[in-house]
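J.: Sequence and predicted structure, then a few things I'm wondering about:
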Amino acid sequence: MKMRELDFSIILIISISSICLSHQSSGNWTYSGEHGPENWSGVCKNGNRQSPINIVTDDTVKADLGSLIFTRYDFAYTGTLTNNGHSLQITLSGVPVVLTGGGLTSTYVLEQMHFHWGAEHTIDGVRDALELHLVHYDKQYGNVSIASQSHNGISVVAVLFKLSDDDNEKLYPILKAAEAVSEWVGMSSVEIQRKVIPMQLLPNDRTTFYRYEGSLTTPGCQEAVTWFIMSEKLSISEAQLKVFKSIRTNHGVLKQNYRPTQNIGDRKVYHHLLGYTSSSPTIFVNYLFISMIAFYIILN
């Protein structure tokens, strides 16, 4: 074999090996044990814009960022539920579901939705029962893989679910499908028997939310995400939550699949309040001060 051909063969073998190792490391992670979050490598360990975080409400910056606009979220879609070994993921078929507004400077297309039990983001240290992530990619990049390599290429809307004594009827078809893929036989999918209307998985009050810059919460933890955590929560019963906690993977029963909260560093968390202006409190205080002076002058 000629030297040039030998060099090429060695390079090819190394490249294939690297791809295989990369694929193995990207899939060989868990939420506990030796492959758990504390041992996730790369950006997951060394990044400075990691997610999820604990949101301290008193530390948030109040502002009117503009309403989130959920386009075609009220359409009914054929949906597929997949047990991918790390979560339950929903993909929709049909015309694109689109997210704009909220300070976003581009149009984002819904790629998939998936669940974490318990919730990944905490509010003032409180962890809710469940969190739904609606994952969108910037339309200019064409797909989520390329978008995840770009700053702000991904936008995720997070919805928190609190425990309730009553079932959440909107979750019935999803949970029925979840039972069908609960046993791990490799990645398995099933069609959700009723049409999925994404708007039904959002809170009624969408005028207030938290926003910050962060990352994907699973390896490789790319720091490409604009997060929107809705303030109003939905509900789920203990019996419904038990269905999620019974999902099996190749590592056994997936009793929980949340990543611990990460250091917020010097990042700002914005609390969107419709119609809020930072000058409003100042104007009120000035008005009160002037009124007091005028009242004092009158009395004297």
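T.: Done, it's in.
J.: Helix, strand or coil: sort out the nearest residue to Gly36 once chain neighbours are set aside for me.
T.: Nearest non-adjacent residue to Gly36, counting by C-beta to C-beta, 6 or more residues apart in numbering: Thr30, 5.6 Å away. Quick note: C-beta positions are derived from backbone N, CA and C, even for glycine. Classification of Thr30 by DSSP: H, G, I helix; E, B strand; the rest coil places it in coil.
J.: what about Thr30, how many residues close to it?
T.: Counted by other C-beta atoms under 10 Å, the residues lying close to Thr30 total 19.
J.: Quick check: it touching Asn39?
T.: No: checked against C-beta atoms under 8 Å, the pair Thr30 and Asn39 is beyond contact range at 9.2 Å.
J.: And the closest residue in space to Ser246 that isn't next to it in sequence, how far from Asp74?
T.: Among residues not flanking Ser246 along the chain, Ser182 sits closest, at 5.7 Å (C-beta to C-beta, 6+ apart). According to C-beta to C-beta, to the nearest Å, Ser182 and Asp74 sit 30 Å apart.
J.: These two: who's more crowded?
T.: For Ser182 versus Asp74, neighbours defined as other C-beta under 10 Å are more numerous around Ser182 (17 against 11).
J.: Next one, pLDDT for the residue nearest to Ser246 please.
T.: Looking at Ser182, its pLDDT stands at 97.
J.: before we move on, what about Pro281?
T.: 50.
J.: cool, and Val185?
T.: Taking Val185 on its own, its pLDDT is 89.
J.: Could you report the distance from it to Ile247?
T.: 12 Å.
J.: So which of those two has more stuff around it?
T.: Legend: neighbour count by other C-beta under 10 Å for Val185 and Ile247, higher for Ile247 (23 against 9).
J.: wait, that one sits on Glu179?
T.: No: checked against C-beta under 8 Å, the pair Ile247 and Glu179 is beyond contact range at 9.5 Å.
J.: and Tyr270, what is it in contact with?
T.: Counting by C-beta atoms under 8 Å, 6 or more residues apart in numbering, Tyr270 touches 60-63, 65, 103, 210-212.
J.: Out of these, which sit inside strands?
T.: Mapping those onto strands (DSSP state E) picks out 61-63, 210-212.
J.: Quick check on the residues you listed: which are buried?
T.: Neighbour-count burial (16 or more other C-beta atoms under 10 Å) is assigned, among those, to 63, 210-212.
J.: bridging residues for His82?
T.: His isn't right for residue 82; it's Thr. Gln89, Ser189 (DSSP bridges).
J.: And for it, the neighbour number?
T.: Counted with other C-beta under 10 Å, Thr82 comes out at 18.
J.: Just to check, it is in contact with Leu88?
T.: Yes: using C-beta under 8 Å, Thr82 makes contact with Leu88 at a distance of 7.2 Å.
J.: Mind listing the shared neighbours of the two?
T.: In contact with both Thr82 and Leu88: Val181, using C-beta under 8 Å, 6+ apart.
J.: Surely Asn168 touches Ser235?
T.: Yes: contact criterion C-beta under 8 Å: Asn168 and Ser235 qualify, at 5.3 Å.
J.: Now for these two: what residues contact both?
T.: Phe161.
J.: quick one: the residue nearest to Ser246 is in a strand?
T.: No: counting by three-state DSSP, Ser182 falls outside a strand, being coil.
J.: Could I get the phi/psi values of it?
T.: phi -70, psi -30 (degrees, to the nearest 10).
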